[in-house]
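K.L.:
For reference, the sequence and a predicted model appear below.
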Amino acid sequence: MKALIIVDVQNDFLPEGSLAVSKGDEIIPIINQLQKDYDLIVATQDWHPANHLSFASQHEGKLPFEQIDLYGLDQVLWPDHCIQGSYGSEFSDELDMNRVEAVFRKGMDPKIDSYSGFFDNGKRKDTGLGGYLRARNVEEVHVCGLAADFCVYFTAMDALAVGFKSAIISKATKAIDKGAFMEKKNDFIQAGGILL
Ligand code: VGL
Ligand code: ZN
């Protein structure tokens, strides 16, 4: 079985959103079209409490995109985004969700960020995505969505780490920082990942 993982196609990562990824909206029709090629489709949803410590607003004197140490992990500080229940946290209305069988939420613990759909950034908590995919006899995952250099990359890398064949679908993802994604792409290939 081959599964499609649609990462964080939420209003805050789209044009007009608080952490907009440039041209993020252009991948939505591509993702809708791709879905027909998969046996199983799941999605992830960034889902933060308003006091999440990845938000620059929670650190006096800090600005978005500065970096800090957060309980021993490097943390980029973000603009407030994907706050539980807000419009920004909702999936885009343009995204076809009919065949999405399960949604895995992440980033709920205010003390730790969670880029990957499988684990938080400290690998302390498992979301259950790996077990779910295994229970559905998935051997291979293809990852698309936003943002290429953060949640897509870390989800695709963790898929390899837990034993799936893993690919990133280039035409169905956009990066916050294109240069950073070029380097991460190489790391992904080095680790055994495939670029489609
Ligand atoms: C993401 C930064 C912060 C993502 C989520 O979905 O790539 N990036 N939270
Ligand atoms: Zn987030």
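P.N.:
Sure, I can see it. Ligands and ions are numbered 1, 2, ... in the order given.
K.L.:
Report the secondary structure state of the residue of the chain most remote from its centre.
P.N.:
Taking C-alpha atoms, centre = their mean as the measure, the residue most remote from the mean C-alpha position of the chain is Gly61, 27.7 Å away. The local conformation at Gly61, judged by DSSP: H, G, I helix; E, B strand; the rest coil, is coil.
K.L.:
Need the pLDDT of it.
P.N.:
Listed pLDDT for Gly61 reads 96.
K.L.:
Please apply the same query to the one 5 residues further on.
P.N.:
Per-residue confidence (pLDDT) for Glu66: 98.
K.L.:
distance of it from ligand 1?
P.N.:
14 Å (C-beta to the nearest ligand atom, to the nearest Å). Heads up, the C-betas are built off the backbone N, CA and C, glycines and all.
K.L.:
Ok, Cys151 next?
P.N.:
3 Å.
K.L.:
What is the subsequent helix or strand relative to the helix ranked longest in the chain?
P.N.:
Longest helix in the chain, counting residues (DSSP state H): helix 178-190. Using DSSP states H and E, the helix or strand that follows helix 178-190 towards the C-terminus is strand 194-195.
K.L.:
Please list the residues outside whichever strand or helix holds Lys171 that contact it.
P.N.:
Element membership for Lys171, per DSSP H and E: strand 165-174. Residues from elsewhere that reach strand 165-174 (C-beta atoms under 8 Å, 6 or more residues apart in numbering): 7, 21-24, 26-27, 30-31, 34, 139-148, 152-153, 156-157, 159-160, 185, 188, 192-196.
K.L.:
Next step: the residues you listed restricted to strands.
P.N.:
Of those, the ones assigned to strands by DSSP state E are Val7, Glu140, Val141, His142, Val143, Cys144, Gly145, Leu146, Ile194, Leu195.
K.L.:
For the residue nearest the centre of the chain, give me its contacts.
P.N.:
Using C-alpha atoms, centre = their mean, the residue of the chain that lies closest to the mean C-alpha position is Cys151, 2.9 Å off. Residues in contact with Cys151 (C-beta under 8 Å, 6+ apart) are Val7, Asp8, Thr44, Asp46, Tyr115, Ser116, Gly117, Gly145.
K.L.:
go again using 7 Å as the cut-off
P.N.:
When contacts are counted by C-beta atoms under 7 Å, 6 or more residues apart in numbering, Cys151 touches Val7, Asp8, Thr44, Asp46, Tyr115.
K.L.:
Bridged to the fourth one, which residues?
P.N.:
For Asp46, the beta-bridge assignment (DSSP bridges) gives partners Lys106.
K.L.:
Check what pLDDT the residue of the chain found nearest ligand 2 gets.
P.N.:
Closest to ligand 2 within the chain is Asp46: 4.2 Å, counting by C-beta to the ion. Per-residue confidence (pLDDT) for Asp46: 98.
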